[in-house]
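> just to be clear, the model below is a prediction. Sequence and coordinates:
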Amino acid sequence: MTTSPAGLPAELAEVAVAVAERAAAHVRARRPEIFGASSSAADDAVRTKSAPTDPVTVADTEAEEVIRSELARLRPDDDILGEEGGGEREAPAGIRWVVDPIDGTVNFLYGIPAYAVSVAAQLDGRSIAGAVVDVARGATYHASLGGGAYRTDGGGTTRLSASAATDPALSLVATGFAYAAERRREQAAILVDLLPRVRDIRRIGAAAIDLCLVAEGAVDAHYEHGLSPWDWAAGALIAAEAGAVVIIPAPSSRADAGDVTAAMAPGVAEPMRALLAEVGALGALPLSRGADC
C-alpha cells in the first residue's frame, strides 16, 4: 500500500472542504428554485433509481457536475467515483475522490433539513481526507488522516470528539433503512431486538450526517447495512479522527452486498459491538436481486 506523503492529507482536506462547500451552495440555492411554491419544475426534477422509493433529483446530478468540474480544475490527474456519475469499482492506485452530491435525497425532496454533500479523498482505497457539509444547517465537518476532525460553522471551528458513553443501555444509536423491501424486513427484525436494549434509536436519513453526529458526540453509535463508498468515505474518516471505533466495508463493496458500516464512541465500542453482533447487526444483509441504492 502506498504511504501518503507528509502534508498530503491536510492538503486534500482543504480541497475537499472547498469543493463540498461549493456544491452545497449550489444545492442550497437550487431547492427553492425546484420545489418552491411558485416553481413548475418539480414534476420533471425527480426520477427513480433502484426502486420507486429511491429518488434522484436534478440537483443531485447538477451538484455532482459541480464537484467533478471543481476537482478537474484543482486535481486534474485524480480519479473520481461519484454516486450519480459512476467510476471504476476497484480503487485505483493513487488518489481517488469519492463523492455523494446529496446524501439524504429523500429529505431534500420533502424539505426535511437533513441532507449533505460528501467529498472524500482516498489513497489506494483508504480515506485520508474528507468533508461533509450539512447543507441546511450550514455546518462543514472535515478531517484529514492523523490530523483530527473538526466542525466549522458560523461559530468558528471546533475540534470534534466522540461521546464519553460506556453503557449500551444508555446509548443513543443512529441507523438507516434500505430502499429494498426485503432488506427492510431484515433491518426491522434487528431493530425489534436492539431497541429495548439501548436508550433510543434515531433515523436521520443521511448516513454521512449520522457518522458526523457520532464524531461530535451527538449520538453514541451508528450502524447501517448496504452503504456504498460515497455514503461513508468522508463520514467514517471524520468519526475515526474524532476517536470513534469504525467498521467499514471494502472499497469495492456496494449497496447490494449489504455489508455493515458502523461507528461507536470508544468507551462503548466493545460492549456495543457485542450487542450488535448478538442481534445480528454486524453480518451482511445481501440482496437476492438488483441493487439497493
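Great, that's in hand. Numbering: from 1, shown residues only.
> by mean pLDDT, point me to the weakest helix or strand of the chain.
Across the helices and strands of the chain, mean confidence by mean pLDDT, DSSP states H and E is lowest for strand 46-48: a mean of 75.
> can you give me the buried ones in it?
Along strand 46-48, the positions that meet the burial threshold by neighbour count (16 or more other CB atoms under 10 Å) are V46. For the C-beta atoms, the positions are set from N, CA and C on the backbone; glycine is no exception.
> partners of it, with directions?
Strand 46-48 has its sheet partners listed here by DSSP bridges as strand 55-57 (antiparallel).
> what does the helix or strand just after the strand it pairs with contact?
If you walk from strand 55-57 toward the C-terminus, the next helix or strand you reach (DSSP states H and E) is helix 58-74. Counting by CB atoms under 8 Å, 6 or more residues apart in numbering, the neighbours of helix 58-74 from elsewhere in the structure are 15, 18-20, 22-23, 26-27, 30-31, 34, 41, 44-46, 78, 80, 82-85, 97, 99, 101-102, 105, 108, 117, 119.
> same check on stretch 22-30?
In this structure, residues lying in contact with stretch 22-30 by CB under 8 Å, 6+ apart are 58-59, 62-64, 66-67, 70, 101-102, 108, 115-117, 119, 133, 135-136, 140.
> test my guess that I112 contacts G205.
Yes. With contact defined as CB atoms under 8 Å, I112 reaches G205; the gap is 6.9 Å.
> any common contacting residues for these two?
Between them, I112 and G205 share the contacting residues 104, 106, judged by CB under 8 Å, 6+ apart.
> neighbour count for the two, which is higher?
G205 (19 against 14; other CB atoms under 10 Å).
> show the contacting residues for that one.
The neighbours of G205, taking CB under 8 Å, 6+ apart as the test, are 104, 106-107, 112, 114-115, 176.
> mark which of those residues are buried, thanks.
Neighbour-count burial (16+ other CB under 10 Å) applied to the contacts of G205 gives 104, 106-107, 114-115, 176.
> got CSV for these, with distance to D167, secondary structure and pLDDT too?
Shown next, in CSV, are the buried ones among the contacts of G205 (distance: CB to CB, whole Å; DSSP: H, G, I helix; E, B strand; the rest coil; pLDDT from 0 to 100):
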residue, distance to D167, secondary structure, pLDDT
G104, 30, coil, 96
V106, 32, helix, 94
N107, 31, helix, 96
A114, 27, coil, 98
Y115, 32, coil, 98
G176, 23, coil, 98
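> mind putting those in JSON lines, distance to E278 included?
Shown next, in JSON lines, are these (distance: CB to CB, whole Å):
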{"residue": "G104", "distance to E278": "30"}
{"residue": "V106", "distance to E278": "30"}
{"residue": "N107", "distance to E278": "31"}
{"residue": "A114", "distance to E278": "30"}
{"residue": "Y115", "distance to E278": "33"}
{"residue": "G176", "distance to E278": "20"}
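> please consider this matter closed, and thank you.
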